[in-house]
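> structure for this input, please:
(chains A and B)
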Amino acid sequence: MSDLQPFEAVPNPLIAQPDFKVPAEMDAAIDELISHYPKKRSATLMLLHAIQERYGFISEEAVNWVAKKLELQPINVLEVATFYPMFKHRPVGRWHLKVCRTLSCALAGSYQIHQGYCKKFGLDPHAHGAQTSKDGQVTVEFVECLAACGSAPVLMCNETLHENVSEAKANEIVGGCK
Amino acid sequence: MPQEHRLILKNIDQPGYTPDIECYLKHGGYEVLKKALAIQPKDLPEGKKQSGPEQIRDDVKLSGLRGRGGAGFSAGLKWSFVDRRSGKPIYLICNADESEPGTFKDRQIIHKDPHQLIEGMVISCYANDVKLAYIYIRGEMPEGARILNQAIAEAKAKGFLGKNICGSGYELEIHVHRGAGAYICGEETGLIESLEGKRPYPRIKPPYFPAVLGLYLCPTIVNNVETLCHVKHIVAMGGAEYAKLGTPNNTGTRIVSLSGQVKKPGYYEIEVGKATLGELINDPAFGGGLRDGRQLKAIIPGGSSSKVLKAGERFKLKRKAEGKEVEQEVGVLDLPYDFDSLAAAGTMSGSSAIIVIDDSTDIVEALANLSEFYAHESCGQCTPCREGSLWMSKTLHRLTHGGGRAGDADYLVKIADNIPGGRTICAFGEACSWPVQSFVAKFKDDFVAKGKADEEKRAKESAAKH
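Predicted coordinates for the structure are as follows:
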């Protein structure tokens, strides 16, 4: 018996956010979203988007809140929040730079743009996933095809798409991130 | 001279054309919807009556419209599979999860002419007795989602959506649903799972054909953005008239997304089959040729999943000439850009996204890039695809980072051959292995040489150490 090692607990992908609270007007907007669907569960993605738009990431409290709101088990929401790459489990910077990595953009120099940003903000260009600068201001991420291949290379800064991004334009974009 | 034929893109990019409803109405917007709603029941010879919606469905079938999303399946036939006797509600979902690398046509429609899509949707919903429809837009298009929400609100205010549309008594709601960055949501059953609030794991067919057991296990139609826009034009022109556009079995027009190493990348609408691959790449009306001093190396003809074509390849195509079937040898650049010709050349026109690769590009690097995409996007449900896509990507990574082996080319094909062919639930298995199979088959020397060079370098280094 003594040879048996206890299973190591799988680390929780989510972090705590003790001050998580949904204000009344957001709650009303969420109720409206839920009314779009014959079954409440369908609203999961839209609710997670709404929460991420407000708080920047999805916390454990957020998952539990969504589960309660949609009358689901927390695991039903957790499995969604951990599958889709757009949902973040840690706060991201004020400026989230998503550089397109896929072929048409790569042929037009998106790797150089990504590398340039990583160098500028002290990040590892070979690391997977989103990385945030030490001061917490800027997050750089290599993402898959953004469906704007005709004007490659492209990147998104928060919700704005920038097309035909030259080196100069890439610098200009982060110059505006203040 | 090949030319653009702008049907869907007619107003897009015209000076002064804006995405709001006033501008759309000024350009004859929603007139086709009024026409569709006013179609009167028609007497059939056997004394039966054919309703307006049935006539629209027949017209779409007659038009020969093939889905513009990727599979190129007959839209009219897809509609005819819908189970209309189940007593359950019928849903329609517009697939706006445009994520196939190379494709960017739907973005133009959504951003610049959203009401055209909504009109096409309302007509399609009316034809199929749908009361609730969704637009599943990819998460990376927040601006597109805002524009569509705005357009829906405008259409509702003018009575083109909601209760009693244009006084006809017909009722329809459309809602925008946002994805969150997963390519697999473009697969229709994955999309349905995602819309139900779950992980987008594709469903197995049979039994889960959307036309019978789709959203909430009700009959569901999933159509691409461009396909739904075409329905509007089919009703406007009549199916028979529409079928005169393009070539037989490849009717209508199609928006081609051209990207990669050409002078003028962009989106061009052509009559299907009325321009060749070469014209699309080289003609001044389209791509304008390769950059100066560059030679063509390869063409990805229909989105990243389609099998690559090599410069200089020749194909034997069966063609109808003067009523007889003749075999004709055709060079890769002379392939008519339609569904059937590309299928005959062993590839597909897919989502009509052409990626041009010139001789400045390392073909192994290009495939490594695509394989990384598929490794990232496999949903992980089926083992051959989850493991295989990652395995191929890892092999290509070492081949492009100095750790290659001469045998890697064969190794890659061995993995790729073991993913598709009924071993996976959805077509992603095919999508991730086709590029690998075709790239390695057609550019094998490049792959072997790269691996060999790495092996020799390692042997030299180890000899120097001892």
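> chain A: strands as residue ranges?
Under the criterion DSSP state E, strands of chain A are mapped to A:95-100, A:131-132, A:138-143, A:155-157, A:160-162.
> contacts only, for residue B:375.
If you count contacts by CB atoms under 8 Å, 6 or more residues apart in numbering or on different chains, residue B:375 has them with B:389-390, B:392-394, B:432. Glycine gets a C-beta too; all of them are placed from N, C-alpha and C.
> with residue B:185 instead?
B:97, B:99, B:136, B:138, B:179, B:191, B:194, B:200.
> can you check residue B:444 too?
residue B:409.
> how near is it to chain A?
When CB to the nearest CB, to the nearest Å is the yardstick, residue B:444 and chain A sit 20 Å from each other.
> do residue B:88 as well
Taking CB to the nearest CB, one finds residue B:88 at 11 Å from chain A.
> and the strands of chain A as TSV, adding mean pLDDT?
Listed next are the strands of chain A as TSV, based on pLDDT from 0 to 100:
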stretch	mean pLDDT
strand A:95-100	96
strand A:131-132	95
strand A:138-143	96
strand A:155-157	96
strand A:160-162	96
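> need those strands in CSV (columns: distance to residue B:40 and mean neighbour count).
Written out in CSV, the entries for these read as follows (distance: least, CB to CB, whole Å; neighbours: other CB atoms under 10 Å in any protein chain shown):
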stretch, distance to residue B:40, mean neighbour count
strand A:95-100, 50, 24
strand A:131-132, 63, 20
strand A:138-143, 51, 24
strand A:155-157, 49, 22
strand A:160-162, 46, 17
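> now render those as CSV, adding distance to residue B:224.
As requested, the strands of chain A are exported to CSV (distance: least, CB to CB, whole Å):
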stretch, distance to residue B:224
strand A:95-100, 22
strand A:131-132, 35
strand A:138-143, 22
strand A:155-157, 23
strand A:160-162, 21
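> could I get the ones you listed as a markdown table with distance to chain B?
Formatted as a markdown table, the entries for the strands of chain A read as follows, by distance: least, CB to the nearest CB, whole Å:
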| stretch | distance to chain B |
| --- | --- |
| strand A:95-100 | 8 |
| strand A:131-132 | 16 |
| strand A:138-143 | 7 |
| strand A:155-157 | 7 |
| strand A:160-162 | 7 |
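> and those: which comes nearest residue B:112?
Of all these, it is strand A:160-162 that lies closest to residue B:112, at 13.7 Å by CB to CB.
> that older thread, buried subset of the contacts of residue B:375, written for ChimeraX?
To isolate the buried ones among the contacts of residue B:375 in ChimeraX, judged by 16 or more other CB atoms under 10 Å in any protein chain shown, type:
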select /B:389,390,392,393,432
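> could you list the domains of chain B?
For chain B, the domain assignment from automatic domain parsing gives the residue ranges B:21-242, B:256-358, B:363-465.
> nearest to residue A:78, of those domains?
Judging those by CB to CB, what sits closest to residue A:78 is domain B:21-242, at 10.7 Å.
> give me the distance from that closest one to the chain's centre.
15 Å (CA atoms, centre = their mean, to the nearest Å).
> quick one: mean pLDDT for it?
Domain B:21-242 shows an average pLDDT of 96 in the prediction.
> could you check the angle strand A:95-100 makes with the helix or strand bottoming out on mean pLDDT in chain A?
Per-element confidence for chain A was summarised using mean pLDDT, DSSP states H and E. The lowest value among helices and strands belongs to helix A:167-175, with a mean of 92. In this structure, helix A:167-175 runs at an angle of 150 degrees to strand A:95-100, with axes from the mean of the first three to the mean of the last three CA atoms, to 10 degrees as the basis.
> check contacts around the nearest residue to residue A:109 once chain neighbours are set aside.
Counting by CB to CB, 6 or more residues apart in numbering or on different chains, residue A:109 lies nearest to residue A:153, which is 5.5 Å off, once chain neighbours are set aside. For residue A:153, the contacting residues are A:99-100, A:105-106, A:108-110, A:113, A:164-165, taking CB under 8 Å, 6+ apart as the criterion.
> may I have the phi/psi pair for residue A:153?
Main-chain dihedrals, residue A:153, degrees, to the nearest 10: phi -80, psi 150.
> can you check the one 5 residues further on too?
Per-residue torsions, residue A:158: phi 50, psi -120 (degrees, to the nearest 10).
> run a quick neighbour tally on residue 46.
I went with chain A, as the question did not name one. Around residue A:46 sit 20 other residues, with neighbours defined as other CB atoms under 10 Å in any protein chain shown.
> sorry, I should have been clearer: chain B.
Here the count is done by other CB under 10 Å, and residue B:46 has 5 residues near it.
> same thing with residue A:7?
Residue A:7 is flanked by 6 other residues according to other CB under 10 Å.
> in the least confident helix or strand of chain A, what's buried?
Within helix A:167-175, the residues that qualify as buried by neighbour count (16+ other CB under 10 Å) are A:170, A:173-174.
> I'd say residue B:331 and residue B:311 touch.
No: between residue B:331 and residue B:311 no contact is recorded; they are 9.5 Å apart, counting by CB atoms under 8 Å.
> pretty sure residue B:384 sits against residue B:419.
Yes: look at residue B:384 against residue B:419 with CB under 8 Å: they come within range, at 4.7 Å.
> pLDDT score for residue 18?
Just so you know, I chose chain A. The per-residue pLDDT reported for residue A:18 equals 95.
> wait, chain B was what I had in mind.
With respect to pLDDT, residue B:18 scores 96.
> cool, and residue B:325?
Per-residue confidence at residue B:325 stands at 82 (pLDDT).
> so what's the backbone phi/psi at the residue nearest to it when sequence neighbours are not counted?
Here the nearest residue to residue B:325 in space, its sequence neighbours aside, is residue B:318; by CB to CB, 6+ apart that works out to 5.4 Å. Note on residue B:318: its backbone torsions stand at phi -90, psi 130 [degrees, to the nearest 10].
> in the sheet, who's paired with residue B:318?
Applying DSSP bridges to residue B:318 yields these beta-bridge partners: residue B:327.
> state the distance from it to chain A.
The spacing between residue B:318 and chain A, counted by CB to the nearest CB, is 32 Å.
> with residue B:426 instead?
Using CB to the nearest CB, residue B:426 is found at 16 Å from chain A.
> pretty sure that residue sits in a helix.
No: in this structure, residue B:426 is coil, not part of a helix, as judged by DSSP: H, G, I helix; E, B strand; the rest coil.
> residue ranges in chain A under the pLDDT threshold?
Applying pLDDT under 70 to the predicted model, the residue ranges of chain A that meet it are A:1-2, A:177-178.
> quick one: the helices in it, in order.
If DSSP state H is used as the criterion, the helices of chain A fall at A:24-34, A:44-55, A:60-69, A:74-81, A:103-107, A:110-120, A:167-175.
> which stretch among the ones you listed is buried most, on average?
Among these, ranked by average contacts under mean count of other CB atoms under 10 Å in any protein chain shown, first place goes to helix A:103-107 (a mean of 28).
> and that one, what does it pack onto?
Based on contacts counted as 3 or more CB pairs under 8 Å, 6 or more residues apart in numbering or on different chains; DSSP states H and E, the elements that helix A:103-107 packs against are strand B:253-260, strand B:353-358, helix B:363-377.
> alpha carbons only: can I get that helix in CSV?
Extracted in CSV, the C-alpha atoms of helix A:103-107 (Å, rounded to 0.1, in the frame of the first residue of the first chain):
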residue,chain,number,x,y,z
LEU,A,103,0.4,31.0,-44.4
SER,A,104,-0.7,34.1,-46.4
CYS,A,105,0.4,36.4,-43.6
ALA,A,106,3.6,34.4,-42.9
LEU,A,107,4.5,34.8,-46.6
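> residues in contact with that helix?
By CB under 8 Å, 6+ apart, the surrounding residues in contact with helix A:103-107 are A:99, A:145-146, A:149, A:152-154, B:101-102, B:259-261, B:265, B:300, B:304, B:355, B:357, B:361, B:366, B:369-370, B:373.
> kind regards, and thank you for your time.
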